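Peer 1: Model the following, please.
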Amino acid sequence: MTSEARGPQGFEAALKTAPDAVAEFTHSVSGVKRFQHLLHQTPAIVPLIVLIAAIIVFGMLLGQRFFSPYALTLILQQVAITGIVGAAQSLVILTAGIDLSVGATMVICSVVMGQFTFRYGLPAEISVLCGIAMGALIGFINGTLVARVKLPPFIVTLGMWQIVLAANFLYSANETIRAQDIEQQAPLLQLFGETVRVGGAVLTYGVIMMIAIVVILAYVLRHTAWGRHVYAVGDDPEAAELAGVRVKRILISVYMLAGVICALAGWALIGRLGSVSPTSGQFENINSITAVVIGGISLFGGRGSILGMMFGALIVGVFSLGLGMYGTDPQWTYLLIGMLIIAAVAVDQWIRKVAA
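Peer 2: Numbering: from 1, shown residues only. The predicted structure is shown next:
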């Protein structure tokens, strides 16, 4: 450095030239980089694009048959249970956990609702509340083991899946409560199977409940302190603890809420089937994880949206119905969904690596 640069005049000259020097090192952000940051902030965009593309492709292949109100509302009816259970799964995965027991929880809650009504003679309203309490209890046990005992969520919920599955068959004696009996004695249990006509579309109350749950959770996660804490716990639990977030309490509340939502899914399952069957819907855990992953929610926690999960569920429904109407082998559906799952995880890794 010269003497002039060390003197007052040199210092003033440096200040005058500093902005120009900084401007020389400013680089414009590429379109790819901006797109990566957009996906990082709004992960639901990718499944929405895939959903719209799938609808357009099948619409071109199948024409008016696919775009009929009946076909489009049939998709919603088919994915209603998966969407409700997927909402529960989304909450857990946002905390960097996973719940393999959601399907079994849903089924045993529906069995409790049916058995308490027909075996013990309780009013249907009380039986429904008992089923919801059962879901909350299972969620509380899962959450306590994960948050306080520090057991891995995968192991806890895998074990709970087996326990609940066995308890379900032992308690119900593998007996199905017939639709005719429910219709005559406890029609409340079939509430979410009833339909409402909107223009040319026919929606079940189960579909309406799915949409309501997704909308409410989307608002809660984005606009409440509890929702922001859920994201914080999933992103970095240690940092969240230092910031004053009660991580253990948040985790337990998430698993309990997931259990309650699964119980509501069990109620909707009775409406969809018309009967109480201990053998139906037990593998909704896989379907819910599929919807969550395709919907852009990161399996590493802290990023994603409930709305994206619903898009993921709808993608599965569109592929299933579209390929079925086209007359292809059902195995093509599994093949394409499997490819979408791998692609979704790859996109998530790409976003995390570059847009962090």
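
Peer 1: can you tell me how far residue 215 sits from residue 307?
Peer 2: Shown here: residue 215 relative to residue 307, a distance of 9 Å by Cβ to Cβ, to the nearest Å. (Each C-beta comes from the backbone N, C-alpha and C, glycine too.)

Peer 1: Those two: which is more packed in?
Peer 2: Neighbours per residue (other Cβ atoms under 10 Å) separate residue 215 from residue 307, with residue 307 holding more: 22 against 13.

Peer 1: what are the phi and psi angles of the more buried one?
Peer 2: In terms of degrees, to the nearest 10, the main-chain angles of residue 307 are phi -60, psi -40.

Peer 1: for residue 42, same thing?
Peer 2: Backbone torsions of residue 42, given as degrees, to the nearest 10, read phi -130, psi 80.

Peer 1: pLDDT score for it?
Peer 2: Residue 42 carries a pLDDT score of 77 in this model.

Peer 1: and it, what does it touch?
Peer 2: Applying Cβ atoms under 8 Å, 6 or more residues apart in numbering, we find residue 42 in contact with residue 305.

Peer 1: likewise the one 5 residues further on?
Peer 2: Each residue near residue 47 by Cβ under 8 Å, 6+ apart is listed here: 294, 295, 296, 308, 311, 312, 315, 344.

Peer 1: By neighbour count, which of these wins?
Peer 2: Of the contacts of residue 47, with other Cβ under 10 Å as the count, residue 312 tops at 35 neighbours.

Peer 1: and that residue, how far is that from residue 278?
Peer 2: Looking at residue 312 against residue 278, where the rule is Cβ to Cβ, the gap reads 28 Å.

Peer 1: quick one: least confident helix or strand in this protein?
Peer 2: Of all regular secondary-structure elements in the chain, judged by mean pLDDT, DSSP states H and E, the least confident is helix 3-6 with a mean of 46.

Peer 1: Now find how far off-centre the strand or helix carrying residue 140 is within its chain.
Peer 2: Of the helices and strands defined by DSSP states H and E, residue 140 is found in helix 124-147. Between the mean C-alpha location of helix 124-147 and the chain-wide mean there is a distance of 19 Å, by Cα atoms, centre = their mean, to the nearest Å.

Peer 1: just checking, what packs against the helix or strand just after that helix?
Peer 2: Following the chain from helix 124-147 toward its C-terminal end, the next helix or strand by DSSP H and E is helix 153-172. For helix 153-172, the elements it packs on are helix 102-118, helix 124-147, judged by 3 or more Cβ pairs under 8 Å, 6 or more residues apart in numbering; DSSP states H and E.

Peer 1: okay, the angle between helix 153-172 and helix 102-118?
Peer 2: Here helix 153-172 runs at an angle of 30 degrees relative to helix 102-118 (axes from the mean of the first three to the mean of the last three Cα atoms, to 10 degrees).

Peer 1: Alpha carbons of stretch 304-324, as PDB, please.
Peer 2: Coordinates of each C-alpha in stretch 304-324 appear next as PDB, following Å, rounded to 0.1, in the frame of the first residue of the first chain:
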ATOM      1  CA  GLY A 304     -42.900 -28.900   2.700                       C
ATOM      2  CA  SER A 305     -46.600 -28.200   2.900                       C
ATOM      3  CA  ILE A 306     -49.900 -30.100   3.600                       C
ATOM      4  CA  LEU A 307     -51.200 -28.800   0.300                       C
ATOM      5  CA  GLY A 308     -48.400 -30.500  -1.600                       C
ATOM      6  CA  MET A 309     -49.300 -33.800   0.100                       C
ATOM      7  CA  MET A 310     -52.900 -33.500  -1.200                       C
ATOM      8  CA  PHE A 311     -51.400 -32.800  -4.700                       C
ATOM      9  CA  GLY A 312     -49.400 -36.000  -4.300                       C
ATOM     10  CA  ALA A 313     -52.400 -38.000  -3.300                       C
ATOM     11  CA  LEU A 314     -54.300 -36.700  -6.300                       C
ATOM     12  CA  ILE A 315     -51.400 -37.600  -8.600                       C
ATOM     13  CA  VAL A 316     -51.700 -41.200  -7.500                       C
ATOM     14  CA  GLY A 317     -55.500 -41.000  -8.000                       C
ATOM     15  CA  VAL A 318     -55.200 -39.500 -11.500                       C
ATOM     16  CA  PHE A 319     -52.600 -42.100 -12.600                       C
ATOM     17  CA  SER A 320     -54.700 -45.000 -11.200                       C
ATOM     18  CA  LEU A 321     -58.000 -43.900 -12.800                       C
ATOM     19  CA  GLY A 322     -56.400 -42.700 -16.000                       C
ATOM     20  CA  LEU A 323     -54.400 -45.900 -16.700                       C
ATOM     21  CA  GLY A 324     -57.400 -48.000 -15.700                       C
END
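
Peer 1: Pull out the buried residues from that stretch.
Peer 2: Applying a neighbour-count criterion of 16 or more other Cβ atoms under 10 Å, the buried positions in stretch 304-324 are 304-323.

Peer 1: repeat for stretch 191-205
Peer 2: Judged by neighbour count using 16+ other Cβ under 10 Å, the buried positions of stretch 191-205 are 191, 192, 193, 201, 202, 203, 204, 205.

Peer 1: how far does it stretch from start to finish?
Peer 2: Distance between the boundary residues of stretch 191-205 (Cα to Cα, to the nearest Å) amounts to 7 Å.

Peer 1: Look up the closest residue to residue 245, ignoring the ones flanking it.
Peer 2: If the residues on either side of it in the chain are set aside, residue 245 comes closest to residue 229, at 4.9 Å by Cβ to Cβ, 6 or more residues apart in numbering.

Peer 1: What does the pLDDT read for the one you found?
Peer 2: As predicted, residue 229 sits at a pLDDT of 97.
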